[in-house]
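1. Need a 3D model of the sequence below.
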Amino acid sequence: MSRPPVARRPNLVPGAYRGVAVSDVTCELDEGSLAAHFVGLEAYRRTRFVVVRRGDQTAILAVEKESAADGADPLFAPITGVTLLAGPQECAFVVRPDLDAAVPTMLARAAREGAPGKRGVVMQDGYDHISFIVDPAPLRLTVREVVPPHPAKLFDQTRRLLDVAEHLPPIELVAEVVDLTELAHSHPAEAYLLPCRGAGVTVEGSVTCYLDQRPEHRAWTLLGCERSQQIHEWFYGERAEQVDTCPRRAGPTPGAVLTRCCLLEHEVVTEPGQVVVPWGATLAQVSEALVRVVREWEPSWAPG
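-> Sure, this is the predicted structure:
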């Protein structure tokens, strides 16, 4: 069945790169010349866009095709109209064998790194597939996490998921870390109590103890969250002097935020300004969180 014309909007990418044809022409790459060249030619039923090359010049077209009387798409159909999405002066062609043209975030990365300022960027990927993005404006997602360990795992999980997320709009990650060592230096104490030994944090010049080893009680400052405080109260019958390290309670940051919380057991939570996963979230939980982020901050995005 015929699809509606392509709407101009930020982060326009094809729904699938198989809908992108590539054609070399000898005519000028303005809309009138391209219409004179393409209208009347047959196009495959899945073709919705054409990347047009003329020497080292590139343009991106959306095409409309004639429908059969029953509304179904035939195998091939004549092109009835074209829309110039990005002309040669505003379009670049980049080759990125390290990226995947099926992933919108990869297309936006290629645009940012290879052709900043261009409205339209065509990318040839490591499979020699070709796709494009027009008017890249990726959603900035701040991932707020506690370090060490390095790298921050939630940030790394999110990055790995976005590297293969064909169903999500372009997203640009921003790391915002709560550094335990810096927190300790800003709150001098003779002894610190950290939640666990696993991260390997020590504070030079001070005694460092770890709550998961249930050490003998002493005067210390807890570098931890509310869950650590609850465990301290269970072990020692009192709450400790504390520097709160919870990234969930770090306060507002402009734009979308993804963070984690030890008080969550299994659920993923959407709150004003942020989506929260449990500490130690699985990739499936982080994936669910990304879908929630998009639902909150890019609800109208859809591929072309």
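
2. Going along the chain, name the helices of this protein.
-> For the chain, helices defined by DSSP state H occupy the ranges 31-38, 104-114, 153-162, 180-186, 226-236, 283-297.

3. Can you say which of those helices is packed in most?
-> By mean neighbour count, with neighbours taken as mean count of other Cβ atoms under 10 Å, helix 104-114 ranks first of the helices of the chain at a mean of 23. The C-beta positions use only the backbone N, C-alpha and C, and glycine is treated the same way.

4. for the protein, longest strand please?
-> Counting by DSSP state E, the longest strand found in the chain is strand 76-86.

5. nearest residue to residue 301 other than its sequence neighbours?
-> Of all residues not flanking residue 301 in the chain, residue 169 sits nearest, at 4.2 Å (Cβ to Cβ, 6 or more residues apart in numbering).

6. right, I mislabeled it, should have said residue 225
-> Setting aside the residues directly before and after it, residue 225 is nearest to residue 246 in space (Cβ to Cβ, 6+ apart), at 4.0 Å.

7. quick one: pLDDT of the residue nearest the centre of the chain?
-> With distances taken as Cα atoms, centre = their mean, residue 171 lies nearest the centre of the chain, 2.8 Å away. Residue 171 is assigned 98 on the pLDDT scale.

8. Check the contact between it and residue 162; I expect there is one.
-> Yes: the pair residue 171 and residue 162 passes the contact test of Cβ atoms under 8 Å, sitting 5.6 Å apart.

9. tell me, what's touching the two both at once?
-> By Cβ atoms under 8 Å, 6 or more residues apart in numbering, residue 171 and residue 162 have these common neighbours: 105, 290.

10. how about the helices of the chain in a markdown table, adding mean pLDDT?
-> Formatted as a markdown table, the helices of the chain follow (pLDDT from 0 to 100):
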| stretch | mean pLDDT |
| --- | --- |
| helix 31-38 | 97 |
| helix 104-114 | 97 |
| helix 153-162 | 97 |
| helix 180-186 | 90 |
| helix 226-236 | 97 |
| helix 283-297 | 97 |
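
11. May I see those arranged in CSV, with distance to residue 86 as well?
-> CSV is the format used below for these (distance: least, Cβ to Cβ, whole Å):
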stretch, distance to residue 86
helix 31-38, 11
helix 104-114, 11
helix 153-162, 24
helix 180-186, 45
helix 226-236, 51
helix 283-297, 24
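
12. closest one to residue 260 among those?
-> Counting by Cβ to Cβ, residue 260 lies closest to helix 153-162 out of the helices of the chain; the figure is 5.5 Å.

13. For the worst-scoring helix or strand of the chain on mean pLDDT, C-alpha coordinates in PDB please.
-> Using mean pLDDT, DSSP states H and E, helix 180-186 stands out as the lowest-scoring helix or strand of the chain, at a mean of 90. The C-alpha trace of helix 180-186 is given here as PDB (Å, rounded to 0.1, in the frame of the first residue of the first chain):
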ATOM      1  CA  LEU A 180      33.600   8.900  45.500                       C
ATOM      2  CA  THR A 181      37.200  10.000  45.900                       C
ATOM      3  CA  GLU A 182      36.400  13.600  45.100                       C
ATOM      4  CA  LEU A 183      33.500  13.500  47.600                       C
ATOM      5  CA  ALA A 184      35.800  12.200  50.300                       C
ATOM      6  CA  HIS A 185      38.300  15.000  49.700                       C
ATOM      7  CA  SER A 186      35.600  17.600  49.900                       C
END
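
14. ok, back up a step: out of the helices of the chain, which gets nearest to residue 87?
-> Comparing the helices of the chain under Cβ to Cβ, the one sitting nearest is helix 31-38, at 7.8 Å.

15. I'd like to check the angle between the closest one and strand 76-86, please.
-> Here helix 31-38 points in a direction 160 degrees away from that of strand 76-86 (axes from the mean of the first three to the mean of the last three Cα atoms, to 10 degrees).

16. for helix 31-38, the distance to its chain's centre please.
-> Counting by Cα atoms, centre = their mean, to the nearest Å, helix 31-38 is centred 36 Å from the centre of its parent chain.

17. now do stretch 236-245
-> Taking Cα atoms, centre = their mean, one finds stretch 236-245 lying 36 Å from the centre of the chain it belongs to.
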